[in-house]
Structures are given as C-alpha cells and as structure tokens.
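>>> Return a 3D structure for these sequence lines:
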Amino acid sequence: MKGLGYLEETILLLIMLMDDDAYGYSVSMMYEKHMGKAISISAIHAVMSRLEKKGLISSYMGGATPERGGRQKRIFEVTAAGRQTISDIKDNREKLWDLIPDLS
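Below you'll find the predicted structure:
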C-alpha cells in the first residue's frame, strides 16, 4: 500500500466521487462543498501531481470548450492501484475503530 497524507487521501476520494468530471477547479469546488473550507487550485494540482506520480490516478486531456477560451482541461481518474489503496486504508481504519471502546 502506498502511503498517503490526509489531503492526498481526501483528494483521491473526491476524484473517485466525480467520475469523469475531475479537474483542478471542479475538485477544489467539491473539496469546499464536502470539507467546508476552501483550498487553492494550485494546492489541488500539487496533490494530483503527487497522486499521479504514485500511480494512484491518471489523466488525459479533455475536449476544448468555449467557456475555457478553446483550451482543453486535464481530466483525472482513479487507477486500479488507487482504488486498492483506498480500500486498504478503509479496511485498516475500520480495524482500528473496532478496537476503540464505545465513544459515548
């Protein structure tokens, strides 16, 4: 299993939620929506670059759009290794949570 920081794990989960619409701006908007705080697009891009280098996500160039002045956007998707890593993290966390006595 590849080691992930909290932000990397969060971004990876968000990309998994977004299917084929995960690109820098959309991921930052999803982060703000689900985490309740803003994050810069440059921070998102840095994290996605690290995730791609680790083989947990891949990217391709989407079609050009008039809204972007004819420019393409880089679309990100989770790889099989990324899905396995998230599954392993979830399993390990659940094992630890099961060891904690009732929190109430």
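>>> State the helix or strand in which the closest residue to residue 57 other than its chain neighbours lies.
Nearest residue to residue 57, sequence neighbours excluded (CB to CB, 6 or more residues apart in numbering): residue 51, at 4.6 Å. Where you see a C-beta, it was placed from the backbone N, CA and C, and this is true even at glycine. In this structure, residue 51 sits in helix 41-53 according to DSSP states H and E.
>>> Enumerate the positions of the top helix by length along the chain that are buried.
Ordering each helix of the chain by length in residues (DSSP state H) puts helix 80-99 first. Residues 82, 85-86, 89 are the ones in helix 80-99 that count as buried (16 or more other CB atoms under 10 Å).
>>> one step back: measure how the helix or strand following the helix holding residue 51 sits relative to helix 80-99, angle-wise.
Under the assignment DSSP H and E, the closest C-terminal helix or strand after helix 41-53 is strand 57-61. Counting by axes from the mean of the first three to the mean of the last three CA atoms, to 10 degrees, strand 57-61 lies at 140 degrees to helix 80-99.
>>> Output the contacting helices and strands for strand 57-61.
helix 41-53, strand 74-78 (3 or more CB pairs under 8 Å, 6 or more residues apart in numbering; DSSP states H and E).
>>> Switch these over to JSON lines; also include mean neighbour count.
Listed next are these as JSON lines, based on neighbours: other CB atoms under 10 Å:
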{"stretch": "helix 41-53", "mean neighbour count": "17"}
{"stretch": "strand 74-78", "mean neighbour count": "19"}
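>>> Save these as TSV, and put in distance to residue 12 and mean pLDDT too.
Formatted as TSV, the helices and strands packed on strand 57-61 follow (distance: least, CB to CB, whole Å; pLDDT from 0 to 100):
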stretch	distance to residue 12	mean pLDDT
helix 41-53	6	96
strand 74-78	7	94
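>>> Spit out the contact partners of the residue nearest to residue 57.
Applying CB atoms under 8 Å, 6 or more residues apart in numbering to residue 51 gives the contacts 8, 11-12, 15, 57, 82.
>>> Relative to residue 26, how far out is it?
Taking CB to CB, to the nearest Å as the measure, residue 51 falls 15 Å from residue 26.
>>> same deal with residue 43?
As judged by CB to CB, residue 43 and residue 26 stand 15 Å apart.
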